[in-house]
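Participant: my questions concern the predicted model and sequence given below.
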Amino acid sequence: MSNILTTTLIGLFVGMIGTGAGGLITFFIRDPGKRFLSFILGLSSGLMLSIICFNLLPEAFEIGYLSTGILGIVLGVFIIIYLDEKLSSRMKNYRNFADRSFIKTGILLGLGVALHNFPEGLAIGSGFIAKKELGIGIAVVIGLHNMPEGISMAAPMSIGGMKRWKAFLYTVLAGMPMGLGAFLGALLGEISPQFIAFCLAFAGGTMLYITCGELIPKSNNLSFGRISSYGLVLGFVIGIIVSARF
């Protein structure tokens, strides 16, 4: 039980500190342009892809059956699509933000970050149950990945006129679902190796969809140059380096 509590606290710490640190950086960034935000989202996308390709899915297929991993990926994608549709339909009611596009963008990004922080926490919890080194590696890379996400949340909110401390608070709150995900991942991961593999693949599927369907398109739409691609490649390389060290 103590291991589950420790894993939960690690997930909560990584989530809140990761996005919170990104939000804190915006106190020193007065006027981030679209190219900067495009680079940040590209960097975040690269980090996410490295987690998926070199941590989550390889470990899932190593400890579980091929069918278990594929099922986890597919189910993760379908679940996140369903939640994304629900989230989008609810946000249509927020018409008061029509003339405050930057704040609306920050809120939407924040909700998306909070939404996928849960499966990221699930990956951390499952990773620690599978192998301590895997859990540490996933936690470090996800923590690094959450920093640019915190910036991408808080920067447009600040540009839109929201108080910087309030934007920072939202980035911290967006990281909290990771603690719950880590708790469930550690708790349920003790059932069997196949379940651990399923949890890792499930988290990989949700993160793959968010990266390819949300983060990369948004980074490209912000700036039509190569800046988002530079960020993606740099993030991917950083993710490889961190993965190799843990």
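Facilitator: Cool, the structure landed. Numbering: from 1, shown residues only.
Participant: what about stretch 200-207, average pLDDT?
Facilitator: Averaged across stretch 200-207, pLDDT comes to 82.
Participant: off-centre distance for that stretch?
Facilitator: Relative to the chain's own centre, stretch 200-207 is displaced by 11 Å; criterion: Cα atoms, centre = their mean, to the nearest Å.
Participant: ok, stretch 72-85 next?
Facilitator: Per Cα atoms, centre = their mean, the displacement of stretch 72-85 from the mean C-alpha position of its chain is 15 Å.
Participant: what comes up buried for that stretch?
Facilitator: 72-73, 76-77, 80, 84 (16 or more other Cβ atoms under 10 Å). For every residue, glycine as well, the C-beta is placed using N, CA and C.
Participant: look up how far residue 86 lies from residue 34.
Facilitator: 29 Å (Cβ to Cβ, to the nearest Å).
Participant: and what of residue 204?
Facilitator: Taking Cβ to Cβ as the measure, residue 204 falls 22 Å from residue 86.
Participant: of the two, who's got more company?
Facilitator: More neighbours surround residue 204 than the other of residue 204 and residue 86, with 26 against 11 (other Cβ atoms under 10 Å).
Participant: the more buried one: what's it in contact with?
Facilitator: With contacts defined as Cβ atoms under 8 Å, 6 or more residues apart in numbering, residue 204 is in contact with 52, 56-57, 60, 72-73, 76, 123.
Participant: what's the helix or strand for it?
Facilitator: Secondary structure here is read from DSSP states H and E; on that basis residue 204 sits in helix 193-210.
Participant: in stretch 132-148, what counts as buried?
Facilitator: Buried positions in stretch 132-148, judged by neighbour count with 16+ other Cβ under 10 Å: 134-148.
Participant: for residue 167, give me its contacts.
Facilitator: The contact partners of residue 167, taken as Cβ under 8 Å, 6+ apart, are 23, 26, 106, 153-154, 157-158.
Participant: ditto for residue 7
Facilitator: If you count contacts by Cβ under 8 Å, 6+ apart, residue 7 has them with 124-125, 128-129, 135, 182-183, 185-186.
Participant: buried only: go through those residues for me.
Facilitator: If you count burial by 16+ other Cβ under 10 Å, the buried members of these come out as 124-125, 128-129, 135, 182-183, 185-186.
Participant: can I get those in a markdown table with distance to residue 43 and secondary structure?
Facilitator: Output for the buried ones among the contacts of residue 7, formatted as a markdown table (distance: Cβ to Cβ, whole Å; DSSP: H, G, I helix; E, B strand; the rest coil):
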| residue | distance to residue 43 | secondary structure |
| --- | --- | --- |
| 124 | 20 | helix |
| 125 | 25 | helix |
| 128 | 26 | helix |
| 129 | 29 | helix |
| 135 | 23 | helix |
| 182 | 24 | helix |
| 183 | 29 | helix |
| 185 | 26 | helix |
| 186 | 29 | helix |
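Participant: now for the residues you listed: which two are most distant?
Facilitator: Across the buried ones among the contacts of residue 7, the two members that end up farthest from each other (Cβ to Cβ) are 135 and 183, 13.2 Å apart.
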